[in-house]
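*Asks:* What would the 3D arrangement of this be:
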Amino acid sequence: MTQPTLIRRASGHRPRLLDLFSCAGGAGTGYHRAGFEVTGVDIADRPNYPFTFHRADALEYLAALIASGDIEQYAAAHASPPCQAGCALTIGTNASRGWGREHVQLIPELRTLLDASGLPYVIEQPNGKAPVRADLWLCGEMFGLGVLRHRNFELGGWRVPQPPHPKHRGYVRGYRHGVYRDGPYVAAYGAGGGKATVPEMQAAMDITWTDVREELTEAIPPAYTQWIGRAFLTLERTAAA
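*Replies:* Residues are numbered from 1 along each chain as shown. You can find the predicted model right below:
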């Protein structure tokens, strides 16, 4: 295993959450807002990640934490593995994004390790063919955001009721099958064809700490994991009572 590089350190006395495949911290920021101290792990350098960050292979890093017993310092884990092996929106290659593996389905191995960790966990994936349970699915309209960005979440070791899905207010702005439609949502992926600009993506998803297009197109809005994190902490408090 390559020795991970500690990039940035956070402080505080909150429950700790391990943010695997962290990218620039869309998920991590939501958990931080919910009340967690967050540690991110990603195989690519992420200088915009706003919390403690380790540059390492996420699966190797998780396995090492389990083997050493250091996993016990964490209260929960979140993982957003690359979706190319099971996502309908495959753009470019994993190598161009620094993931180091070419269209490898990481979820079975990841789930095995997360189960072995003993931690409650969340695995996030876009809608598509990824082998995850849709224990929870969220949409930007649930939070009044300027993106739809539907996402599935597999919950390991805990459950939360599915919130209602409000009716969409209109189209996603841009071209589809050669036809341009205006609408209240922006397309926060790709480029051209009416896709969102970097400032539009930042505003639509409430992500202000990075202006890197690739990081924005891969991010989930922090509102999603803020909701999940608060739900988890509420369950923890109820159980403690």
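
*Asks:* What segments of this protein are strands?
*Replies:* Secondary structure of the chain by DSSP state E: the strands cover 5-8, 16-20, 37-42, 52-55, 76-79, 121-126, 136-138, 151-156, 174-176, 179-181.

*Asks:* Given the fifth one, what are its sheet partners and their directions?
*Replies:* Read that as strand 76-79. Under the criterion DSSP bridges, strand 76-79 sits next to strand 16-20 (parallel), strand 121-126 (parallel) in its sheet.

*Asks:* could you check the angle strand 121-126 makes with the lengthiest helix in the chain?
*Replies:* Longest helix in the chain by number of residues (criterion: DSSP state H): helix 222-240. Counting by axes from the mean of the first three to the mean of the last three C-alpha atoms, to 10 degrees, helix 222-240 points 160 degrees away from the direction of strand 121-126.

*Asks:* Would you mind putting the CA coordinates of helix 222-240 into CSV?
*Replies:* Below are the C-alpha coordinates for helix 222-240, written out as CSV (Å, rounded to 0.1, in the frame of the first residue of the first chain):
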residue,chain,number,x,y,z
PRO,A,222,-24.2,19.5,0.1
ALA,A,223,-27.9,19.8,0.9
TYR,A,224,-28.2,16.1,0.2
THR,A,225,-25.7,14.9,2.7
GLN,A,226,-26.7,17.6,5.2
TRP,A,227,-30.1,16.1,5.2
ILE,A,228,-28.7,12.5,5.5
GLY,A,229,-26.3,13.5,8.2
ARG,A,230,-29.0,15.2,10.3
ALA,A,231,-31.2,12.2,9.9
PHE,A,232,-28.4,9.9,11.1
LEU,A,233,-27.6,12.1,14.1
THR,A,234,-31.3,12.3,15.0
LEU,A,235,-31.5,8.5,15.0
GLU,A,236,-28.3,8.3,17.1
ARG,A,237,-29.8,10.7,19.7
THR,A,238,-33.1,8.8,19.7
ALA,A,239,-31.3,5.6,20.3
ALA,A,240,-29.2,7.1,23.1
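
*Asks:* coming back round to it: dump the strands paired with strand 76-79 into JSON lines; add mean neighbour count as well.
*Replies:* Just so you know, the C-beta spots here come from the backbone N, C-alpha and C atoms, and that holds for glycine as well. Formatted as JSON lines, the strands paired with strand 76-79 follow (neighbours: other C-beta atoms under 10 Å):
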{"stretch": "strand 16-20", "mean neighbour count": "26"}
{"stretch": "strand 121-126", "mean neighbour count": "24"}
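
*Asks:* Give me the helices and strands touching the longest helix of the chain, please.
*Replies:* helix 26-34, strand 136-138 (3 or more C-beta pairs under 8 Å, 6 or more residues apart in numbering; DSSP states H and E).

*Asks:* That one versus strand 151-156: what angle between them?
*Replies:* Using the same axes, to 10 degrees, helix 222-240 lies at 20 degrees relative to strand 151-156.

*Asks:* Could you check how sure the model is about helix 222-240, as an average pLDDT?
*Replies:* Helix 222-240 shows a mean pLDDT of 89.

*Asks:* same check, this time on stretch 205-215
*Replies:* Per-residue scores along stretch 205-215 average to 97.
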